[in-house]
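Participant: have a look; sequence and predicted model below, questions after that.
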Amino acid sequence: MRRLLISLLCLLSPVLMAHDGMHMDMPKGPELGASAAFDSRGRLWLVDAADGHVRLRHSDDDGRTLSAPVEVNTLAERIYAEGENRPKIAFGPHDEIYVSWSQPRAKPWTGFVRFARSLDRGEHFSEPLTVHHDRAEITHRFEALAVDGGGRIVMAWIDKRDGIAATARHQPYLGAAVYYSWSNDGGASFAPERKLVDQSCECCRIALARTPDGEIAAFFRSIYGDNIRDHAYAVLHTDGQTSHAERATFSEWRIAGCPHHGPGLAVGDDGIRHAVWYEAKDQPTVRYGQLDPGHRPKHPLVIAGAGASHADVAAHGHNVWVVWNQVNTDGYALMLRRSTDEGVHFDAAREIARSRGAVASPQLLLKQGRAFVAWNTTGGLRLIGVPR
């Protein structure tokens, strides 16, 4: 019975979230889905959405005060701004500001992946463009954004074109596909999209991270066999090579629906692929492991149990940090575990912040080797320095 209830909750959660995101009226205030990042000068930048606009703000005092918002899109449009599908921000080689988001279309669970850039440190933004060449009113959403070592902008998203085509041919097709594209000209245009893999999970965020050789790696929930929702890893090549996704987790969690819990990925300078992910095969757990694509992760560890969700991971030198939301009777606690030996061992979990109201997924950020957590709450953004 316990396992059945877990499966039902995981199945219903994405449906409810997606339905709410398709409400025809634009929200009257900001939703909690937000992204934050430090630029090369140590300035903190935040993007979220309110009243049909993606908003950009910055802070020069580590989040204690925020600037007045700048509207990224001049013309209002509908914007997904929840935890798994929120606006994103990244920076070019000279701190060009790149912003992406998913735009709901008229039909339920559909979307376009949108992009805009600023070349003057956020004073002005280009007119938003749609990244993918396919314009069918289907799912192109849950986009992920990163910049590779050569300054190329790389984007990946969940795409349903192949599932719809299979249905038209009366052929089975589980889940969706992952597509990706890139820009060689700083976001002025994007290459025709390429399919990475069929049968990914429908609404779990995709984690992207830069590898030591400058390429962008993707880690995402895929589908194996009869609805086994494990994860895959791939390097997103932009030089003509074919990208291959390999299975990277082997939990064998079978569930006929998307759990709305995407993973986290951090690749160290030594090439170690630190990953965190959620599963609920026997009970809800957040897990850590070092990915060895095609094989079981190394140094596997259950980071947290029941009540834990939406973990993130960061790595610098010998240090690895994992944070997550922990629900309790008083609201939410922001929890932390740290390793000082490259993820071989972790210390005990400790609470570093608390919120009585709703919270978004925590994000680990690095500034000059120090870790911070950006935690968006009903009381506003909180930037929490990780204890040294």
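Facilitator: Noted; the coordinates are in hand.

Participant: okay, and the closest residue to residue 253 other than its chain neighbours sits in which element?
Facilitator: Closest residue to residue 253 apart from its sequence neighbours, by Cβ to Cβ, 6 or more residues apart in numbering: residue 281 at 4.2 Å. C-betas here are computed from N, CA, C, even on glycine. Residue 281 is part of no helix or strand when elements are defined by DSSP states H and E.

Participant: what is the burial count for residue 281?
Facilitator: 16 (other Cβ atoms under 10 Å).

Participant: hmm, it is touching residue 259, no?
Facilitator: No. Using Cβ atoms under 8 Å, residue 281 is not in contact with residue 259; the gap is 11.0 Å.

Participant: identify the residues contacting residue 140.
Facilitator: 102, 110-113, 132, 134, 157-160, 179 (Cβ atoms under 8 Å, 6 or more residues apart in numbering).

Participant: how close does it sit to residue 113?
Facilitator: 5 Å (Cβ to Cβ, to the nearest Å).

Participant: shared neighbours, these two?
Facilitator: Common neighbours of residue 140 and residue 113 (Cβ under 8 Å, 6+ apart) are 102, 132, 157.

Participant: didn't the first one look like it was pressed against residue 85?
Facilitator: Okay, so that is residue 102. Yes. Counting by Cβ under 8 Å, residue 102 does reach residue 85; the two are 5.5 Å apart.

Participant: let me know the secondary structure of residue 164.
Facilitator: Look at residue 164: counting by DSSP: H, G, I helix; E, B strand; the rest coil, its state is helix.

Participant: with adjacent residues omitted, what lies nearest to it?
Facilitator: For residue 164, ignoring the flanking residues on the chain, the nearest one in space by Cβ to Cβ, 6+ apart is residue 138 at 5.9 Å.

Participant: and the one you found, how many neighbours?
Facilitator: Neighbours of residue 138 (other Cβ under 10 Å): 20.

Participant: so where's this protein uncertain?
Facilitator: Residue ranges of the chain with pLDDT under 70: 1-30.

Participant: which residues of it fall in helices?
Facilitator: 2-21, 161-168 (DSSP state H).

Participant: the residue nearest to residue 253 and residue 94, how far apart?
Facilitator: From residue 281 across to residue 94, the span is 46 Å (Cβ to Cβ).

Participant: just checking, residue 204 touches residue 264?
Facilitator: No. Judged on Cβ under 8 Å, residue 204 makes no contact with residue 264 at a distance of 11.4 Å.

Participant: about what we covered before: in a markdown table: the shared contacts of residue 140 and residue 113, plus neighbour count and distance to residue 365.
Facilitator: Supplementary listing: the shared contacts of residue 140 and residue 113 in a markdown table, determined by neighbours: other Cβ atoms under 10 Å; distance: Cβ to Cβ, whole Å:
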| residue | neighbour count | distance to residue 365 |
| --- | --- | --- |
| 102 | 26 | 22 |
| 132 | 20 | 28 |
| 157 | 27 | 23 |
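
Participant: now tabulate those in CSV and tack on distance to residue 310.
Facilitator: As requested, the shared contacts of residue 140 and residue 113 are arranged in CSV below (distance: Cβ to Cβ, whole Å):
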residue, distance to residue 310
102, 18
132, 27
157, 19
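
Participant: please name the residues that touch the residue nearest in space to the middle of the chain.
Facilitator: Closest to where the C-alpha atoms of the chain average out (Cα atoms, centre = their mean) is residue 205, at 4.4 Å. By Cβ under 8 Å, 6+ apart, residue 205 lies in contact with 84-85, 142, 144, 220, 262-263.

Participant: kindly indicate which of those lies nearest residue 186.
Facilitator: residue 144 (18.5 Å; Cβ to Cβ).

Participant: could you find the closest non-adjacent residue to the closest one?
Facilitator: residue 206 (4.1 Å).

Participant: what residues are up against the one you found?
Facilitator: Residue 206 touches 142-144, 156-158, 178, 218-220, 262, counting by Cβ under 8 Å, 6+ apart.

Participant: give me the subset of these lying in strands.
Facilitator: If you go by DSSP state E, the contacts of residue 206 have 142-144, 156-158, 178, 218-220 in strands.

Participant: re earlier: roughly how far does the closest residue in space to the residue nearest to the centre of the chain that isn't next to it in sequence sit from residue 213?
Facilitator: With Cβ to Cβ, 6+ apart as the criterion, residue 205 has its nearest non-adjacent residue at 3.1 Å, and that residue is residue 262. Distance of residue 262 to residue 213, given as Cβ to Cβ: 25 Å.

Participant: so between those two, which is more surrounded?
Facilitator: Taking other Cβ under 10 Å, residue 262 and residue 213 do not tie; residue 262 has more neighbours (28 against 9).

Participant: so the more buried one makes contact with residue 221?
Facilitator: Yes. Residue 262 is within contact range of residue 221, at 6.5 Å (criterion: Cβ under 8 Å).

Participant: joint contacts of these two?
Facilitator: With Cβ under 8 Å, 6+ apart as the test, residue 262 and residue 221 both reach residue 204.

Participant: widest-spaced pair of the contacts of residue 205?
Facilitator: 85 and 263 (14.7 Å).

Participant: can you pull out the strands in the stretch 151-300 of the chain?
Facilitator: 153-159, 176-183, 194-200, 207-210, 216-221, 231-236, 246-247, 264-267, 273-279, 285-292, 295-304 (DSSP state E, counting those that start in this stretch).

Participant: what lines up beside the first one in the sheet?
Facilitator: Taking DSSP bridges as the criterion, strand 153-159 forms sheet pairs with strand 140-147 (antiparallel), strand 176-183 (antiparallel).

Participant: and residue 70, how many neighbours?
Facilitator: 18.

Participant: measure the nearest residue to it once chain neighbours are set aside to residue 361 for me?
Facilitator: Using Cβ to Cβ, 6+ apart and skipping the chain neighbours, the partner closest in space to residue 70 is residue 56 (4.6 Å). To residue 361, residue 56 is 19 Å away according to Cβ to Cβ.

Participant: how about the residue nearest to residue 70, what does it touch?
Facilitator: Taking Cβ under 8 Å, 6+ apart, one finds 45-47, 69-72, 89, 97, 99, 118, 122, 125 in contact with residue 56.
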